[in-house]
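Colleague: Turn this into a model:
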Amino acid sequence: MSIPAYPLQWPAGWNRTPGHARGSARFKHLETVTHRRTDGSTWTSKNPRPLSIAMAVERVRAELERMGIRDDDLVISSNLQLRLDGLPRSAQREPDDPGICIYWSAARGAEPRCMAIDRYDRVADNLAAAAAALESLRTLDRHGAEILDRAFTGFNALPAPEGRRWWVVLGVSADARPAEIKAAYQRRRSDTHPDRGGDAGEFDAVQRAYEEAVR
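Modeller: Below is the predicted model:
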């Protein structure tokens, strides 16, 4: 699939959640903790921990795998830097725009489908929300593949508009504050600078995007 995983490729026609309207989610990972009593015996408990990027990515992959989608037919697009396998990397600063978009193809040559979520203020929570939505939709398969196909019709990816909008290039929301735009510009300019191994074309795109944003 030719859709870039970084930076975020928000699908055409999908509304964005304004930054001030994003909330905190309650997606957790239950960590098993072993306790030891004074007599030497042990017991375990489940302690909730914030969900990491890696855990959230695995939830998405697991749901799509149950639908027969392989990693080769999957792109998880966000403003997080990537691992060597092309998936979002954990242990990095939360981007100004925490939105995510999952693109997948049900078969070779098939029209790609997508699911985009930016409701929450953490990338991991938006990924987990997508996984939960996929799980809910997947249950329709019990009532027939035709119903499932119809449910997913609304998730067909629309063609991208000509060029990328400035907020997509910079990796911020369309209503980002000037300070957020400037910080994102400086970060993207550093990431894409040719002297640091970046792509000259993308570097120029970042410069043009910032100039358009501050007009």
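
Colleague: Now the phi/psi pair for the spatially most central residue of the chain, please.
Modeller: Residue closest to the mean C-alpha point of the chain, counted by C-alpha atoms, centre = their mean, is Ile100 at 2.6 Å. With angles defined as degrees, to the nearest 10, Ile100 sits at phi -140, psi 150.

Colleague: Quick one: residues contacting it.
Modeller: Leu8, Ile76, Ser77, Ser78, Ala116, Ile117, Asp118, Val123, Asn126, Leu127, Ala130 (C-beta atoms under 8 Å, 6 or more residues apart in numbering). Placement of C-beta: from N, CA and C, glycine included.

Colleague: Dump those residues to a markdown table, plus neighbour count, secondary structure and pLDDT.
Modeller: Putting these into a markdown table (neighbours: other C-beta atoms under 10 Å; DSSP: H, G, I helix; E, B strand; the rest coil; pLDDT from 0 to 100) gives the following:
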| residue | neighbour count | secondary structure | pLDDT |
| --- | --- | --- | --- |
| Leu8 | 25 | coil | 89 |
| Ile76 | 26 | strand | 95 |
| Ser77 | 22 | strand | 94 |
| Ser78 | 27 | coil | 94 |
| Ala116 | 22 | strand | 92 |
| Ile117 | 21 | strand | 94 |
| Asp118 | 25 | coil | 93 |
| Val123 | 27 | helix | 95 |
| Asn126 | 26 | helix | 95 |
| Leu127 | 28 | helix | 96 |
| Ala130 | 22 | helix | 94 |
